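S.K.: quick one: sequence and predicted model below, then my questions.
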Amino acid sequence: MELFGMPVLNVYLTVLIISGLATVLYLFFSDIAEGIGEASPLLDPAVILAFITFTSAVGYILELTTELGHMLIIILAIAIAIGLDFLLYFFVLLPLKSAEVSLAYTDESLTGQVGKVIVPIPADGFGEIVISTVNGIISKRAAGYENAEIDYDKEVLIIEVKEGTFIVKEYEPFRFK
């Protein structure tokens, strides 16, 4: 069977190559088209390009390996592409969209956190604290609030940050009596 003056096998291969190249280009320039997929998941360029790529790839493989009719192959290719697109959207694209949490932090964002003293903080001097966050364990220089002395292994509350030095106070958790 011929389509557009070419054998159908060549049509599948041509569409596969073009959609594959368009997908690679979309990876590089996806920020430009970012808002297009917000209206409907069906209009998301990643979903559309994946559908075209899956359809042409499955159609090409079925044309090469089976003796099925051309209409049955295109119907099977579209059905399989819809299934693969569904899996791609719900198990890859949606989790990636919701995982836009940055691992970056600022010193000011650590204010209010509880840390632990690893180098004792002398009066009118500096020590060191560690803070456990989702990013891992962060070690920072610290000074006591109102020049208080704080011993090793005490829990401290970060009050503020001045010029890269964390001003801390010994942490006293609230307890019901």
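M.R.: It's in. Numbering: from 1, shown residues only.
S.K.: C-alpha only now, for contacts and for neighbours.
M.R.: Noted.
S.K.: residue contacts, residue 13?
M.R.: Residues in contact with residue 13 (Cα atoms under 8 Å, 6 or more residues apart in numbering) are 56, 57, 60.
S.K.: make sure the second one is indeed in a helix.
M.R.: I take that to be residue 57. Yes: per DSSP: H, G, I helix; E, B strand; the rest coil, residue 57 lies within a helix segment.
S.K.: ok, how many other residues are close to it?
M.R.: Residues lying near residue 57 (other Cα atoms under 10 Å) number 20.
S.K.: repeat for the last one
M.R.: Using other Cα under 10 Å as the criterion, residue 60 is surrounded by 23 other residues.
S.K.: apart from its chain neighbours, what residue comes closest to it?
M.R.: residue 12 (5.3 Å; Cα to Cα, 6 or more residues apart in numbering).
S.K.: relative to residue 53, how far out is the one you found?
M.R.: Distance, residue 12 to residue 53, using Cα to Cα, to the nearest Å: 9 Å.
S.K.: go on, residue 13?
M.R.: From residue 13 across to residue 53, the span is 10 Å (Cα to Cα).
S.K.: same check, this time on residue 146
M.R.: Where residue 53 is concerned, residue 146 sits at a distance of 65 Å (Cα to Cα).
S.K.: show me how this structure divides into domains.
M.R.: As recorded under automatic domain parsing, the domains making up the chain are 2-98, 108-170.
S.K.: show me the shaky parts of the protein.
M.R.: Confidence mapping of the chain against pLDDT under 70 gives the ranges 1-5, 31-42, 99-103, 177.
S.K.: in it, which spans are helices?
M.R.: Counting by DSSP state H, the chain has helices at residues 8-29, 45-65, 70-88, 94-98.
S.K.: buried stuff in the longest one?
M.R.: This means helix 8-29. For helix 8-29, the neighbour count (16 or more other Cα atoms under 10 Å) marks 8, 9, 11, 12, 13, 15, 16, 19, 20, 22, 23, 26 as buried.
S.K.: helix 70-88 and that one, what's the angle between them?
M.R.: Per axes from the mean of the first three to the mean of the last three Cα atoms, to 10 degrees, the angle that helix 8-29 makes with helix 70-88 is 20 degrees.
S.K.: I'd like the numbering to begin with 4 instead of 1 from here.
M.R.: Sure, I'll start numbering at 4, so the last one becomes helix 11-32.
S.K.: now helix 11-32 - C-alpha only, CSV.
M.R.: The C-alpha trace of helix 11-32 is given here as CSV (Å, rounded to 0.1, in the frame of the first residue of the first chain):
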residue,chain,number,x,y,z
VAL,A,11,3.5,3.0,4.0
LEU,A,12,6.6,1.6,5.7
ASN,A,13,8.6,4.6,4.6
VAL,A,14,5.8,6.9,5.8
TYR,A,15,6.0,5.4,9.3
LEU,A,16,9.8,5.7,9.3
THR,A,17,9.8,9.3,8.1
VAL,A,18,7.2,10.3,10.7
LEU,A,19,9.2,8.5,13.4
ILE,A,20,12.4,10.4,12.5
ILE,A,21,10.7,13.8,12.2
SER,A,22,8.8,13.3,15.5
GLY,A,23,12.0,12.1,17.2
LEU,A,24,13.9,15.2,16.1
ALA,A,25,11.0,17.4,17.1
THR,A,26,11.1,15.7,20.6
VAL,A,27,14.8,16.4,20.9
LEU,A,28,14.2,20.1,19.9
TYR,A,29,11.3,20.3,22.4
LEU,A,30,13.7,19.1,25.1
PHE,A,31,16.0,22.1,24.4
PHE,A,32,13.3,24.7,23.9
